[in-house]
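J.: Prediction below, plus the sequence it came from.
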Amino acid sequence: QMQLVESGGGSVPSGGSLRLSCKYSVYRGHSMGWFRQAPGNEREALATIDSDGRTTYADGVKGRFTISRDRAERTVYLQMNNLKPEDTAMYYCAASTSFSLDARAYDNWGLGTRVTVSS
């Protein structure tokens with residue numbers, strides 16, 4: 001079982017930036033994805049990156065969020081710029097054997113890191 005630990009969340013004003021990190025315990029060639037869930041909402045896919053560095057993004061975050069990975073550090077990052085109050089949520093990383101933005105394709109999840117954006 002792969003262990004995933006997110007960090008980097010916090011409180012920022014609107015327009016601010018944060019970089020989230022997700023450290024994973026072992027490298028198995030998985031694709032890694034970032035998701036978020038706000039209270040009362042369904043889990044929302046944000047971005048994913050495969051073992052070759054190929055990326056894809058949800059339309060709502062294109063141009064503001066960037067996913068990257070450091071294979072040597074076993075870490076995936078989510079750089080978030082120009083944050084808005086509606087970005088407030090719990091952010092999760094997850095691992096999948098598929099290159100997908102569908103949360104159902106992911107079977108290893110971290111516990112999340114909270115992001116709060118004030119107006």
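T.: All right, it came through fine. Residues are numbered from 1 along each chain as shown.

J.: Quick check: bridge partners of Leu18?
T.: Counting by DSSP bridges, Leu18 is bridged to Met80.

J.: so what's it up against?
T.: By CB atoms under 8 Å, 6 or more residues apart in numbering, the contact list for Leu18 reads 8-10, 12, 80, 83, 115. (Glycine included, C-beta is placed from N, CA and C.)

J.: helices and strands of the chain: which one bottoms out on pLDDT?
T.: Least confident helix or strand of the chain, by mean pLDDT, DSSP states H and E, is strand 106-109 with a mean of 94.

J.: How much space separates the most centrally placed residue in the chain from Asp59?
T.: The centroid of the chain falls nearest to Trp34 when counting by CA atoms, centre = their mean (2.3 Å). When distance is defined by CB to CB, to the nearest Å, Trp34 is 15 Å away from Asp59.

J.: Can you verify my assumption that Glu6 contacts Leu78?
T.: No - using CB atoms under 8 Å, Glu6 makes no contact with Leu78, being 9.1 Å away.

J.: so what's in contact with the two at the same time?
T.: Joint contacts of Glu6 and Leu78 (CB under 8 Å, 6+ apart) are 20, 22, 91, 93.

J.: The third one is in contact with Leu111, isn't it?
T.: Spelled out, it's Tyr91. No - in this structure, Tyr91 is not within contact of Leu111 by CB under 8 Å, at 10.7 Å.

J.: ok, the two, which is more surrounded?
T.: Neighbours per residue (other CB atoms under 10 Å) separate Tyr91 from Leu111, with Tyr91 holding more: 24 against 10.

J.: starting at the chain centroid, how far to the host helix or strand of the more buried one?
T.: Secondary structure assignment for Tyr91, by DSSP states H and E: strand 89-96. In terms of CA atoms, centre = their mean, to the nearest Å, the centre of strand 89-96 is found 5 Å from the chain centre.

J.: which helices and strands does that strand pack with?
T.: If contacts are counted by 3 or more CB pairs under 8 Å, 6 or more residues apart in numbering; DSSP states H and E, strand 89-96 sits against strand 4-7, strand 18-24, strand 31-37, strand 44-49, strand 75-80, strand 106-109, strand 113-118.
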